[in-house]
Structures are given as structure tokens and as C-alpha cells.
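> make a model of this:
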Amino acid sequence: MPRSFKQRALEYHQRAPAGKLAIEVTKPTATQDDLSLAYSPGVAAPARAVRDDPDAAYQYTAKGNLVAVVTDGTAVLGLGDIGAVASKPVMEGKAVLFKRFADIDVFDIEVVAPQPEDFINTVARIAGGFGGINLEDIAAPACFEIEKRLSERLDIPVFHDDQHGTAIITAAALLNALEIQGKKLEDVKIVCVGAGAAGVASMRLLLRLGVQRSRIFMVDRKGVINDQRMDLNEHKQFFAQETAARTLEEACVDGDVFVGLSGPDLLTPEMLRSMAPRPVIFALSNPDPEIMPELAHQTRSDLIMATGRSDYPNQVNNVLGFPFIFRGALDVRARHITDAMQVAAVHALAQLAREPVPQSVLEAYGREAMAFGPEYILPTPFDPRLIETIPAAVAQAARDSGVARI
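The predicted model follows:
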């Protein structure tokens, strides 16, 4: 009897050595002299140098290529609040993606932190040994405060991927989808289902790119976020609309763009039919999207569809973003990741999808042809040009923003 995917996954992770990560020694250690340089007494020289000039840590230690992937385990993938230790397989997986796609080393750190203050203080106290902090799988609204305060407190990049990584990939995909559909960003009506970390960050980034705030209709579990509701936190309140619409069904009428960052099967065929001509549907709930692509295409023949899944065209996948954004930030020793750096990543990623696809990508996906169009609005994760283009754009924006050390 064939093994289930669950069985294969468990076997994959428990195969010796257990887990997915190991530490590699990068200097010779074959002789007594090697060891005397690696540790005592040789290690005293770089230690003193760093004491006298903390930035010398970039020269004498691994700090410049080392990122901490940190979580409290409160919002892990589709698993929810599973706790810090249970999140470790996921954090190791994130580390694998950093290394595989951008050659960035990672320590995954799982923090038991009942309150945001506990988490913030823990991360701040260990941050000195890292070139950047990637916050991961932290529930909203605490994630907003955590990222803001750590960004203010630290002089290295702090990046919550569930917010900004998702936002950057979504924005790049939307720029291209609207280009194909013959629509302008400043004119479209957007319905966003899900007002958590990803939804709020995605809509804020789209505002910076030119979307009109009056044209964004956010929907949470209680319905449309409107100016009559008294239960909104500050992040939702920012998007509260003066509107008679109260339900997702009502919000979808004449909508140009649907962005789903919530849960499965929320967009019905009736809602989809009520949308404007040539709609863009991003059903990004994973693994079960807000509407399945087969049903969406059966309902409308004029749409462009994207999901978070790898088995359909147009996968909105954060791996297109965070490894390369951090690569660019680390390469110039950036103090922060600015709005301008995020926007630069959006435009570089969108432009890359419009270029001819390399033969190596076609071979990796078993395709004879791939070209910019309704079923190819983003590059694939295995596109070798990602490492050449995205980091360079991010690094230049860091220099232009004045946050680059070099």
C-alpha cells in the first residue's frame, strides 16, 4: 500500500540527522595551529576588535550573512496557535528556503512569550549577533506592535514576512494582472477578505503604489469593515469605509479585484458573477483557497486567477520575496527595510515576469513554453534571475533611502 504524504513527510524529517538543518564549520580545523586561531588564544584578537568597533562584527564574524527566524508559534501556517516548539519544523523549513535560494544562514529561534513585551525584549537582547531578524507566524494584532517596536529599537532589518513578504508578492502579481486585464491600479475596486497581518500589510502597500483608499473594501469575520463598527482595532479602523455594504456578497458587486487571505470557499460563484468585467481573483488561503480555480474558471471566462498553491498557475509564494529582500539588505548592511525597498522589490519582481523565461525554468517545470500572460504573472521560485535582480533593486533602494552602511 502506498505511503501517505503524511507518512512521507514524517520519514523525511526523522531521517538521520533529524530535522533539516546543521551547522557547518567554514575555516580549517585540521591542526593545532588551526584550533589556536579558531578559539583560544586567536579568537581574542577579533573579540577585541569588535569591542572597540561593533561594526567590525561584520568583518570578523558570520553576522553579516546570518538571519534569525523568530516566532512565538501563535499563527503557524494553517495550523494556528500550536506553540513555540511545535513551530520548529516550520521555522527550519524557512531556514532551508533562505539557504537554498539566497545562500543566507539562519538560526531558527522559538520563543515562549505570553505577552508581546516578553517577545520584544527577548529578540532585542539577542539581536546583536545577527544581520537581520525575520519575524514569522506571529498572530495579529500583536505582530504589528512587535515589528514596529523592534524596528525602532534595533539597527538591523526587522521584517515580518507574513505581513510584508505576502504584500510584496501580491502587489507584484496584481500589477501584472491588471496590466493584462487593461485596468489601472488607481481605478480599481478591491475587496480584501481577511484583515489580519497579511491583509492589512498588503492593502497598505497597494496604497503606496497608487490604489485609492476609498476603493478598498476589507472584510473580516464580522463583515465589511465600515465606519459604523465599534469593534475595530487601529489597523482595521484605518480601512473603515463609509458604505452601506455589510456582507462579502454586497462588497463584491462591481469589484475589480478579490484578494483572499482568510479561509476556504468564501467566494461563491454568485459573488464572482457580480464582479466587474475582467476581474482579478487572488484566492490565497492555503491549502484550500477561497474559491477553487476550476470553479472560478467555470463561472467566469474573463478572469485572471492566482492561488497560494504550487499545483496551479500563478502561485503567490513568499519564497519569491524574503530570501532576495534579505540578500539585498544584508549585502549593503542595511539598518532597516524601508517602504522604498519594498516597492523596489515589487517592481523588480513584476518586471521579471515580463522577460523571456530561461530554458532552465522550462525544464524544471516540464514545459515547452511559458510567457507573460493570464497564467504567468509571476516568475517561478526556480528562476535563476531572481537572485540577480531582486537583491540588486533592494540594495539600491537601501542606498537611496540612506539606511545602507556600505
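> Leu97 versus the most centrally placed residue in the chain, what's the distance?
Central residue of the chain (Cα atoms, centre = their mean): Gly165, 2.2 Å from the mean position. Remark: distance between Gly165 and Leu97 (Cβ to Cβ, to the nearest Å) = 11 Å. For glycine as for every other residue, the C-beta is placed from the backbone atoms N, C-alpha and C.
> and if you look at Ala198?
Noted for Ala198: a distance of 18 Å to Leu97, by Cβ to Cβ.
> neighbours around the closest residue to the residue nearest to the centre of the chain other than its chain neighbours, how many?
In this structure, Gly165 finds its nearest non-sequential neighbour in Asn318, 4.1 Å apart by Cβ to Cβ, 6 or more residues apart in numbering. Per other Cβ atoms under 10 Å, the neighbour tally for Asn318 reads 21.
> quick one, helices of the stretch 101-250 of the chain?
With helices called from DSSP state H, counting those that start in this stretch, the stretch 101-250 of the chain shows them at 116-126, 142-153, 166-181, 197-209, 234-237, 248-252.
> low-confidence ranges, the chain, go.
For the chain, the stretches flagged by pLDDT under 70 are 1.
> can you pull out the strands in it?
Assigned by DSSP state E, the strands in the chain fall at 66-71, 105-110, 132-135, 158-160, 190-193, 216-220, 223-224, 257-260, 280-283, 304-307.
> got these as JSON lines, with mean neighbour count columns?
Formatted as JSON lines, these follow (neighbours: other Cβ atoms under 10 Å):
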{"stretch": "strand 66-71", "mean neighbour count": "25"}
{"stretch": "strand 105-110", "mean neighbour count": "20"}
{"stretch": "strand 132-135", "mean neighbour count": "26"}
{"stretch": "strand 158-160", "mean neighbour count": "25"}
{"stretch": "strand 190-193", "mean neighbour count": "25"}
{"stretch": "strand 216-220", "mean neighbour count": "23"}
{"stretch": "strand 223-224", "mean neighbour count": "18"}
{"stretch": "strand 257-260", "mean neighbour count": "27"}
{"stretch": "strand 280-283", "mean neighbour count": "28"}
{"stretch": "strand 304-307", "mean neighbour count": "26"}
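> can you report how many residues lie near the closest residue to Thr122 other than its chain neighbours?
Of all residues not flanking Thr122 in the chain, Val111 sits nearest, at 5.2 Å (Cβ to Cβ, 6+ apart). Val111 sits with 17 neighbouring residues when counted by other Cβ under 10 Å.
> also Leu79?
Leu79 has 13 neighbouring residues, counting by other Cβ under 10 Å.
> from Arg385, how far out is it?
From Leu79 to Arg385 the distance is 33 Å (Cβ to Cβ).
> next one: Leu232
Computed with Cβ to Cβ, the distance linking Leu232 and Arg385 is 42 Å.
> ok, back up a step: which one of the helices of the stretch 101-250 of the chain lies closest to Ile377?
helix 166-181 (4.2 Å; Cβ to Cβ).
> can you give me the buried ones in stretch 223-243?
In terms of neighbour count (16 or more other Cβ atoms under 10 Å), stretch 223-243 has its buried residues at 224-226, 232, 235-236, 238-239, 241.
> which one of those residues sits closest to Gln14?
Nearest to Gln14 among these is His235, at 40.1 Å by Cβ to Cβ.
> and for the residue nearest to that closest one when sequence neighbours are not counted, the neighbour number?
Computed as Cβ to Cβ, 6+ apart, the closest residue to His235 that is not its neighbour in sequence is Val200, at 4.9 Å. Val200 has 25 neighbours, counted by other Cβ under 10 Å.
> any idea how far Val200 is from Thr268?
Per Cβ to Cβ, Val200 is found 25 Å from Thr268.
> next: Gly199.
Per Cβ to Cβ, Gly199 is found 20 Å from Thr268.
> more neighbours: which of these two?
Under the neighbour definition other Cβ under 10 Å, Gly199 and Thr268 were set side by side, and Gly199 has more, 28 against 16.
> ok, Pro289 - contacts?
By Cβ atoms under 8 Å, 6 or more residues apart in numbering, Pro289 lies in contact with 260, 264, 283, 307-309.
> should've said Ser360
382, 384.
> switch the cut-off to 7 Å
By Cβ atoms under 7 Å, 6 or more residues apart in numbering, the contact list for Ser360 reads Pro384.
> which non-adjacent residue is nearest Leu248?
Val219 (5.0 Å).
> beta partners of the one you found?
Val193, Val224 (DSSP bridges).
> measure it to Met230 for me?
For Val219, the distance to Met230 equals 17 Å [Cβ to Cβ].
> next: Val224.
Separation of Val224 from Met230 (Cβ to Cβ): 14 Å.
> next one: Pro141
In terms of Cβ to Cβ, Pro141 sits 16 Å off from Met230.
> same deal with Glu92?
For Glu92, the distance to Met230 equals 42 Å [Cβ to Cβ].
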